[in-house]
Each structure stands twice: as C-alpha cells, then as structure tokens.
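Colleague: Here is a sequence with its predicted model. Questions after.
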Amino acid sequence: MTTAEQAATLPAEPDGIKWRHVMVRVGQIGLGLVFLWLWKWGANSAGESYIADPFKVWDRLIEIARTGELARHTYVTLRISAIGFAIGCAAGVVLPFALRRMPRLTDAIEPYIMASVGVPKYALIPLFILWFGINDAPKLWLIGLLVFYPVFISVFAGIRSVDGRLLDIARVLGASESRISVEVIWHAMLPFFFSGLKISVPRAVSAAIIAEFLVGFEGIGFYIENARQQMDVTGAFVGIAVAIALVLVMNALLVWIDKRLSAWRPMDRHMEL
Amino acid sequence: MTTPTLSGQAAGAAALLRGGPLGLLARKRDQLLVLVVLLAIWQGLSILLGEYWIGTPWGTVRRLVSGIADGELLQHASYTVAEAIIGFLVGGIPAAALPFVLRRLPMVTAIIDPIMVGGYGSPKLALAPLFILWFGIGIESKIALIVFTVFFIVYFSTLAGIRALDPKLVQMAQMSGASESDIARHIIFPGAVPHIFAGLRIAMPYSIGAAVVAELISANRGLGYMIQLRSMNFDTTGIFVALAAVCFIVAVANWIVNIVERHLLLWRPPADVTAQKE
Amino acid sequence: MAALLEVRNLSKRFASRAGREPSPWIIRDLSFSVADGEFLTIVGPSGGGKTTLLNMIAQIDTASGGEIVFQSKSAPLGDKTSLKPGLNCQIGYVTQEDNLLPWRTCLENVLFPLMAQGRLNDETRAHAQSLIRAVGLEGWEKHYPHELSGGMRKRTSLIRTLVYDPPVILMDEPFGAVDAQTRVQLQEDLLRLWNLGRKTIVFVTHDITEAIALADRTLVLTRQPSSVAGEHIITIPRPRDIRDILTHPEFVDLYRRIRAQVQ
C-alpha cells in the first residue's frame, strides 16, 4: 500500500475503508482507460508519425517478443547495467570502509568528492567514447560513476551514523574490531546502503539505456534511438515502454528485497519518505 | 513501499561535511596538497599520453579564457542555462502547488498515486528521443524533458513536507479559530518549505544534466552540443572547457538555491552541528 | 574480603580543543575499593560525573590522573588506543540506555557476547536460556528489541552481561527510564540473580531508596568535581523485601544520613 492510500483511508471507519478502497481502484482503472483513450485519440488526430497507435505498439511488442529481438536487446542492456553496477557499487562500499580508519585523508579529499558529485556524469559520455572507443568501456565508466556516488554517500553516512555507545558496549562485551565491522557497522549501515541502492540500481539501467543512445549497436537504448532515426515512431514507443517497464520492475524488486531484509527495523519506515 | 527516497543523500552530504578531529588550518593545508597532487596527475597524464588525448591544465585555462573572450562559450552556456531555468520553473511550480491542492482531496491523491510513483521511478532521459521527435531539435524538446525530470522530484518532496507536518499544529490553529486558508498559508506552507527546497536542490542539477543530455543527443546549440561537436573533432581541451562550464553552472545554481533557502528559513534552528554524539 | 577492584586518586577533565581552556575537573582525587562479592551502590547529584566514572572503570574513557587496580594489577588509563574496553571481558557494563543491537532478537542479543568471545556452545546456550527464564522473558526470545517493552529491554540488557559471568559488573542507573512499578520488579529480579551468584556489582544511581535497598555499602559523591563525601554500611539483613524496605527502622535512619550528604 502506498502512503497516499494510507492517508486516504486512515480517517475512515472500517466500512468506509473498504468502500474507499474500491473507489480508489475504480478511479485508477478509469484513469488508465482515459489515458489509453487520450493516447488513441492523439494518435488519430496528430498522425502516426508523431504518436504511435497504442494497438500497433502492442502488436509490435508481441512481434519482437516472438522473434527474440526483445530478449536480445534486454539481455544486452541488463548485462552491461549489471557489470557497471557491480564495479560502481564495490567501489562505493569499499572506499568508505577504508576511509573509516583514515580521518585525515577523509578530511583532505572530502571537498573534492563533494564537488564532483555535482558534475553531470552524462556529459562525460563523449569524452569516454573518445578515450575508450566504441565498445563497452565508455558505458561501464558512465554506469560505474553514476552508481558509485549514491552508494558511496549513503554508506559513508551509514558508517558515521553508528552510535558510539553501541561500539563501546560491543567492545566491553568482548567483540574484536573486525567483528565490530562485520556485526555492528555493517548492520547499522545496511538501511543507508539500501537507500543508496534504491537510487543506484534503477540509475544503472537508465544509464545503460542513455549510453546506448550514443554508442553501440545493440540494447534497448540502441533500439529506441535507431527507431527514431528511421522515423519508426511505433518502434520508439515500444522501446521506451520496455525501458520504463525495466526500470520500474527493478524498483519493485528492490522494495521487496528491502522489506524482507530489514525485519528488525521498527515499523516507522514510512519516515523514509 | 514504492515511495522514493532522496533524503538519505542529503543526510549523507551533511555527514560528509561534518568536521573531523583535525584543526581547521591543518585540514586546509591537506586539502591544498590534494589539489596540487590532482593537478600534477592531470599534467602528468597529459604529458604521458599526449595532449591529443588529455588536454593540459594550463591549455584548458587558456582556452577557457579565450572562449569567454570571444563570446562563444557564453553563447552556448546561456542557451543551456535558459533551457534549465524555463524547464525548472515550468516543472517545479506546478509540482510544488499540486500537493497543496490535493491536500483536501485524499481520494484523488490515491487515484493518481500509481502514475506519480511510476513517473518518479521511470527513466525520464529515455524519453529524450520522443521529445526530439515531437518538438524538434530546438529548445522546446529540452524544456519538455527538463519539465518531466523536475516535476516528479518536486511533487514528492512537497507531498512529504505536507505529510510530515505535526497534526497537533493544525489542531491548535483550528482551535484558535484559523480558517482553512489561514492554516494553509501560515501552518502548512511554512512547514513544507524546507521539503520543497530539498526537492528543488535535488532537481536543480538534474535539470542542467537533462539539458546537456538532450543537447548531446540532438541539438545545434548549447554546452551539450559543444561537447558532442568537439568530441567529433578529437578536441579534448575543448571538451574540458565545456565540462568546466557545466560544472560552474551547477555550482552557481546550487549557491543560489542555498542563499534563497537561508533567507526563507531564518526561523529554523541552525543545522545540527551540536547534535554530534560524544 | 580482599579488594577486587580499587580506584586510587582518579581524576578526570576533558582535553582542551584548539584555542580553548580544558574543562573544569569533573572528578578529582576519587578513591574507593570494592571487595569480592560486594554490592556497592554509588549515589550522587545528577550530572555529577557518575557515568564518566563508570566509563573509566570499564576502560572506554581515559582518565586524566590516578589509577585503577583490578586484581592487584594496574589497568591502562592513558590514551584512548591503549584502553582495553571491558578489560578482556572481566568487567561487565550495563549502561543507562539498553544499547541492544536492534537487528538481533532478544535471544541473539543475549548470545552476542558468547559468540564474540568464541564461547558459544550447548552449555552456555542452556545458561542463556535459564537466565531468560529467570527474568520471565520466555516466549519473547524471537522478538526484536523494538517489539519489547522498556522493562523487557532492560532485562535483556542485564542478562546479556550476566550470561558471560564477568567478575565485576558496573551498572549505570540501569532502571532509570522505567515506571515505578517495573522498577521495583527489576530491582527484585536483580537481587534474586545476585543472590544466586554473588557477583561484585558497582551500581550507580541518583535514587537514594534504590541505593539503600540493593547495597551492602553505599558511597555518596560530592558535586563536581566529584569525590567521596561519605560511606555507609547497609546493615539491613538479606534477603530483603524491596516493597517493604521503606518501613524498616534502619532504612529511615540511613535515608536521613545519606540525604544530608547528597547536596
């Protein structure tokens, strides 16, 4: 249940809640239908060279799913996202743990890290292409960088958030420094790490798609951009729909995993909004 | 729960900014040292690999000065800035206003929630080809992309601000005879301002980034176009100059948001510098 | 009874930061000793450096002067890196906040020190279970701290220290933040557990009634800088009924004398 629904249903009595729930569902379905109708109407009035017909989009989707084209492009995009993500995420986790023991170095490099957060990473793609050629390397650099920052910042904040008393008591109870890293810091950091993942996993997929706009011959991004250049509006619509679906599925998956992993956290998790 | 989280990022940035055990002077000296090392690495790499691959620091500064002097850089930069500002306003203002309108309409809020959550989570930059198709390679397609990017971020942070408000404050106002519009103006809005600004702060670099990405894909002006063009000519120094300009714009925009926020939020207790645990 | 733990001329002030004077003395020339198996309570005004004192004995805070002798051996006090928190698991510490690990269940929290010390086996596990039963926590083993009441969390934190059997246990107002009813129950639980093992306990509180009810001996501390203002042997015979202690004739006399010393 989303917070909006909670807010909508909270003040009502049990009977009212049920009724409201049904109304909200009906409203959502109605809105979906209106949206579909608007789309169809737009396609008819603006012309299919601007807005693809929703039914033709559906047909094309089925067609590329059958020919295996969809699976191939999706695989390419997901593969590069996963590798880039792994690189960026590993760096983003390892670095804060390494810096934990080096406060002086942390202080010295901190302003530069903070300044580099503001650099629009996508603007670096042409440079990466220039340096590394037309292959996977520029994509990996882009995805790695985009993943690194949110992971690094959240893990860093997570490590700093650990209650000093908790560390002292763990030591009194006989825990070694490495046990403290594994037990106390790791656990306390996990919620932060997850808030970083929630940003960076969908980002990795988006970044792969954007990078494919500019370099490569395969992948969802390539499919979209290729369709646009050939004035194949239906193809562009299909590609964008797949891209959006892919990212939204990633989001949903992360939410599900997070819920399962953090049973120990108090129920005030709506605070995170 | 599919609600977006960005507050963790802000908290992280704040944590990074918190001071360490070192004295201020010693820290500044260390930081300067790091800067020198970074510049040395840059210079070293450009000598090692050749200026063709990595322009020198000094060359970049010279090009930057000449680019400003002949107006070319400013012309492209102003184009990108214009896109970002227009898109930021067109997307941000309705996004900040909508939750106030929806406050009294919980049913509507619930009905549109899936669209908002989906819109927030979806990769907006992937829509760039579509907008270029619809609005051409001019400024309109960039603005459309920025509007989409900014809207959902600001919408959700404003919504969070309204929800985070203590209901006791509203009750207190009601008991002291305040009207609904009084409550909206004097209780809800001031309470939500910090959240709106948190959203704007996050959205701002995104809007500049979106402008640059759209220009990279297809444009005939702007800093993104400049980067793309120069990369085709293997002009790395030129790319560095354009990138520096982009970073400069982001920094200035950040600075402006900070100033405005500080003026609007004078009533707030100072940031939690004293809240450090012993 | 020989002294197990001795505090000699202990002093503490916080170090100066750049450009600032060091803080005034929080503790100055504080000396006392604790015998093996003794229940010592320490009362003093709020904010009087009692927590700092226990932190120093537990070796999680440095001292500015003096000496702490445990089993006739001097413990390191100088700088933060040479400290050995808990002195190799010989000094247990029940803190004011329960400091349970929120991602571990009640039972897992109790087992944590055993695991950390590599002593987790069937025997110690059974000991942990018996302690859980002794304080009435059975049925709650699988619950996370946030699902337990304040009193249950206190009990968990108490037996987490008892389970690994340190020779000395420090307690810092462990029952401070609970309601009066629960407090009496917790005190009774503590006395019952103490009667079974007769550990050495140093118990800090600002509640004079609690100090008398639990102790063999009570120390009264002065205002800052803290030092010993007086010492009182509590001769009320054990076992004691905490609910009736207020009516004991000796109690009234002790309470008056201690009250006069706590300014």
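Modeller: Noted; the coordinates are in hand.

Colleague: Pull up the gap between the closest residue in space to C:Asp216 that isn't next to it in sequence and chain A, please.
Modeller: Closest residue to C:Asp216 apart from its sequence neighbours, by CB to CB, 6 or more residues apart in numbering or on different chains: C:Phe39 at 4.8 Å. In this view, the C-beta of every residue, glycine as well, is placed from N, C-alpha and C. As judged by CB to the nearest CB, to the nearest Å, C:Phe39 and chain A stand 20 Å apart.

Colleague: Can you name the residues bridging to C:Phe39?
Modeller: For C:Phe39, the beta-bridge partners under DSSP bridges are C:Ile201.

Colleague: isn't it right up against C:Phe203?
Modeller: Yes. Using CB atoms under 8 Å, C:Phe39 and C:Phe203 qualify as a contacting pair, with a distance of 6.9 Å.

Colleague: Give the residues shared as contacts by those two.
Modeller: Taking CB atoms under 8 Å, 6 or more residues apart in numbering or on different chains as the criterion, C:Phe39 and C:Phe203 both touch C:Leu214, C:Ala215.

Colleague: ok, back up a step: what about the residue nearest to C:Asp216, how many neighbours?
Modeller: 22 (other CB atoms under 10 Å in any protein chain shown).

Colleague: State the pLDDT value of it.
Modeller: In this model, C:Phe39 is scored at 94, pLDDT.

Colleague: gap between it and C:Val168?
Modeller: To C:Val168, C:Phe39 is 11 Å away according to CB to CB, to the nearest Å.

Colleague: which residues are common contacts for the two?
Modeller: Joint contacts of C:Phe39 and C:Val168 (CB under 8 Å, 6+ apart) are C:Thr200, C:Ile201.

Colleague: State the helix or strand in which C:Val220 lies.
Modeller: strand C:217-221 (DSSP states H and E).

Colleague: outside of that strand, which residues touch it?
Modeller: C:30, C:32, C:38-45, C:48-50, C:211-212, C:227-234, C:254, C:258, C:261-262.

Colleague: Report the buried members of these.
Modeller: Buried by 16 or more other CB atoms under 10 Å in any protein chain shown: C:30, C:32, C:38-45, C:48-50, C:211-212, C:227-229, C:232, C:234, C:254, C:258, C:261-262, out of the contacts of strand C:217-221.

Colleague: so B:Thr149 touches B:Ala211, yeah?
Modeller: No. Assessed by CB under 8 Å, B:Thr149 is found out of contact with B:Ala211, at 9.4 Å.

Colleague: Need the overlap of contacts for the two.
Modeller: In contact with both B:Thr149 and B:Ala211: B:Gly87, using CB under 8 Å, 6+ apart.

Colleague: Just say helix, strand or coil for the residue in the stretch 1-150 of chain A that chain C sits nearest to.
Modeller: Per CB to the nearest CB, A:Arg101 is where the stretch 1-150 of chain A lies closest to chain C, at 12.1 Å. When classified by DSSP: H, G, I helix; E, B strand; the rest coil, A:Arg101 comes out as coil.

Colleague: List the contacts of C:Met56.
Modeller: C:Met56 touches C:Leu10, C:Lys12, C:Thr62, C:Ala63, C:Ile68, C:Leu77, counting by CB under 8 Å, 6+ apart.
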